[in-house]
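Participant: Turn this into a structure:
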Amino acid sequence: MERNHTTVDKSFLRNGDPHYAFPALGLIPARFNEMAAYSAISPKVGLSYQMTPEIMTYANVARGYRPGGINPFTTDVNTMVFDPEFSWNYEVGLKTTLWNKRLRANLTGFYIDYEGQQLFTLIDLNTFNFGRDNIGRSISYGLELETEWLILSGLTATANLGYLETEITDFKVIGFAGEVNNRGNRQGYSPQWNGNLGLNYQKKLGQISLGITVDYQYQTAMFFDPENNLEQEAYGLLNSRLTIGYKGVTLGLWAQNLTNEVYFSYGYGISGGGLFASYGLPRTLGSTLTLKF
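Facilitator: Prediction:
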């Protein structure tokens, strides 16, 4: 069991002006001071059972906690401070080591109930100010499969698969176009399917070590916003890495997004007030030199 305590103290000053506009339609004071303190108890209970030397089952129940905070750009004392976010997390799983320890396979099922979710939204319609508010409640559940297979000496393959269902059960706000009710929508950043395939080869040649890694990551479509308006279609990224080491010196040559996939890596919508997104990195090549003394 853990006890969490958080104190938030924020002050804001801009050029000593008596006032200024941010955003354009809202006057924000040049000096801003507010303080808030939060504490919570986060219990966790876990059980495990070693069925055989190769198979273990387990179950966990835990309460998650995310501290509250202070919105810096607002003149409304009612929306200045937002409260903590809590969640109950339930997990059951199976861990196995098979085929004379050449295959490791783990299967996990989970269910999460979020309460008082902190979401970035329009907090003051009169001044068009944005910030975080405790306006959401949702659930998510799914399965995760992780596998690692030793194919040959030095050659390892990994295959991971995830299935996720999410539902917003309570999220109603007043936006620019009136009331927005997101009940029944999917949570943001929640692709229904995701996974990756990888190969890793390690070889020693005297004092020289070589390593080659190839990894492909894939996910189905997902939304960035609770209104489910801003969508990223399904996409995959191919990455690779080559390392050469000699004694304490290692040179790594890496490439990300080899197929130059165009995709959004981040985005959000604000209660009908607009959609914003950032592109992910294009094909990127680089090197890393590591020295150990």
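Participant: drop to CA atoms for contacts and neighbour counts, all remaining ones
Facilitator: Fine.
Participant: Which strand residues bridge residue 97?
Facilitator: Following DSSP bridges, residue 97 is listed with bridge partners residue 104.
Participant: Can you give me the neighbour number for it?
Facilitator: Using other CA atoms under 10 Å, the number of residues around residue 97 comes to 17.
Participant: which stretches of the stretch 51-200 of the chain form strands?
Facilitator: 55-66, 69-70, 81-82, 85-98, 103-124, 129-152, 155-170, 172-175, 178-181, 193-205 (DSSP state E, counting those that start in this stretch).
Participant: could you redo those strands as TSV and give each row distance to residue 218 and mean pLDDT?
Facilitator: Compiled in TSV, the strands of the stretch 51-200 of the chain are given as follows (distance: least, CA to CA, whole Å; pLDDT from 0 to 100):
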stretch	distance to residue 218	mean pLDDT
strand 55-66	28	96
strand 69-70	35	86
strand 81-82	35	88
strand 85-98	23	97
strand 103-124	19	91
strand 129-152	14	91
strand 155-170	9	97
strand 172-175	32	74
strand 178-181	31	80
strand 193-205	5	97
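Participant: out of these, deepest packed?
Facilitator: Of the strands of the stretch 51-200 of the chain, the one with the most neighbours on average (mean count of other CA atoms under 10 Å) is strand 69-70, at a mean of 23.
Participant: what comes into contact with that one?
Facilitator: With contact meaning CA atoms under 8 Å, 6 or more residues apart in numbering, strand 69-70 is reached by 8, 10, 34, 35, 36, 80, 81, 82, 83, 84.
Participant: any idea how far residue 84 is from residue 171?
Facilitator: Residue 171 is 16 Å from residue 84, where distance means CA to CA, to the nearest Å.
Participant: For the stretch 151-293 of the chain, give me the ranges with low pLDDT.
Facilitator: In the predicted model, the stretch 151-293 of the chain carries pLDDT under 70 at residues 176, 270-274.
Participant: now with 50?
Facilitator: Across the stretch 151-293 of the chain, nothing is flagged by pLDDT under 50.
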